[in-house]
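J.: Here is the input, now give the coordinates:
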Amino acid sequence: MTKPLKIQQSMASGSQSALSRYMDLVVGERSLWKLALYEFVVMVSQKRSGALGLLLRKKMYPWLLGSVGRNVTFGCDVVIRHPHKIRIGDGVVVDENVLLDAKGESNRGIDIGAGSYIGRNSIVSCKNGDITLGENANVGWNCTIAATSSIRIGRDNIIAAYTYIIGGGNYQFDGIDVPMCQAYDHEGKGGVELKDDVWLGSHVAVLDGVTIDSGAVVASGSTVTKNVDAMSINVGSPARAVRQRESGSTG
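T.: From the prediction side, this is the model:
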């Protein structure tokens, strides 16, 4: 996979015009028509509040996105980048101030399954990676889901507020001759997978290379650094299993 440049490197490149750099960063296509359409949709609908804003975004955002199902709701000030690589299923709600960023040179981008919800102020961001949310995934407020390789989130998951999930990419700190911000491994450990019916409490961090198996619970404030077994309840930093969920349990 191609290693992406940092945003500041891309924007400061002297080999391209400012317009070309903007198109690469935001639109994702070198097409003046696509740029004009993007700018028109953003100008008319992105920040418009109230029922009129909801109606305009419902009608106009699909002009930009890769695919959009029926009855999709976009809140005020939803920002989309590389929109042609974003695909959204039926009945999805994207709340206010959400960023959907499918940026990358060779990635597939973002897939959001039917019935999913992305809460206010959350970030779903690719840096040449891929992110998939299964059907009925529920992402709370102020969450960050960021992939330089891959993040796969199954169906019927609950991801509570302020949770951080990082798929791929780690800063190397063993050597001292190169600043850590320049010693970045984009591939990392291969990404993150949350299988079906997983519950992450608020302020959970899920680090690269982790698989959380079906039915698992991770308590608020925990840091997940290794694989989590199915139907287990996990607590702490690093998270560890404290017991298994019992058949017939209601919570």
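J.: Can you show me the helices along the stretch 1-150 of the chain?
T.: 7-12, 18-22, 32-41, 50-60 (DSSP state H, counting those that start in this stretch).
J.: Serialize those to CSV and add fields for distance to I158 and mean neighbour count.
T.: To be clear about C-beta, it is placed using only N, CA and C from the backbone, and glycine gets the same treatment. Below are those laid out as CSV (distance: least, CB to CB, whole Å; neighbours: other CB atoms under 10 Å):
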stretch, distance to I158, mean neighbour count
helix 7-12, 31, 11
helix 18-22, 37, 13
helix 32-41, 32, 15
helix 50-60, 25, 14
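J.: so which of the ones you listed gets nearest I86?
T.: Nearest to I86 among the helices of the stretch 1-150 of the chain is helix 32-41 (12.5 Å), distances taken as CB to CB.
J.: between the closest one and helix 50-60, what angle do the directions make?
T.: Comparing the axes of helix 32-41 and helix 50-60 via axes from the mean of the first three to the mean of the last three CA atoms, to 10 degrees yields an angle of 160 degrees.
J.: Any idea which of the helices of the stretch 1-150 of the chain gets closest to I131?
T.: Of these, the one closest to I131 (CB to CB) turns out to be helix 7-12, at 18.0 Å.
J.: tell me the average confidence for the closest one?
T.: The average pLDDT for helix 7-12 rounds to 53.
J.: repeat for stretch 236-251
T.: pLDDT averaged over stretch 236-251 gives 82.
J.: And stretch 139-157, by the same measure?
T.: 96.
J.: State the distance spanning the first to the last residue of it.
T.: Start and end residues of stretch 139-157 are separated by 8 Å (CA to CA, to the nearest Å).
J.: hmm, back to that, relative to S125, which of the helices of the stretch 1-150 of the chain is closest?
T.: Minimum separation from S125 across those (CB to CB) falls at helix 7-12, 11.0 Å.
J.: can you tell which of the helices of the stretch 1-150 of the chain is closest to G115?
T.: It's helix 50-60; of the helices of the stretch 1-150 of the chain, that one is closest to G115 (CB to CB) at 16.6 Å.
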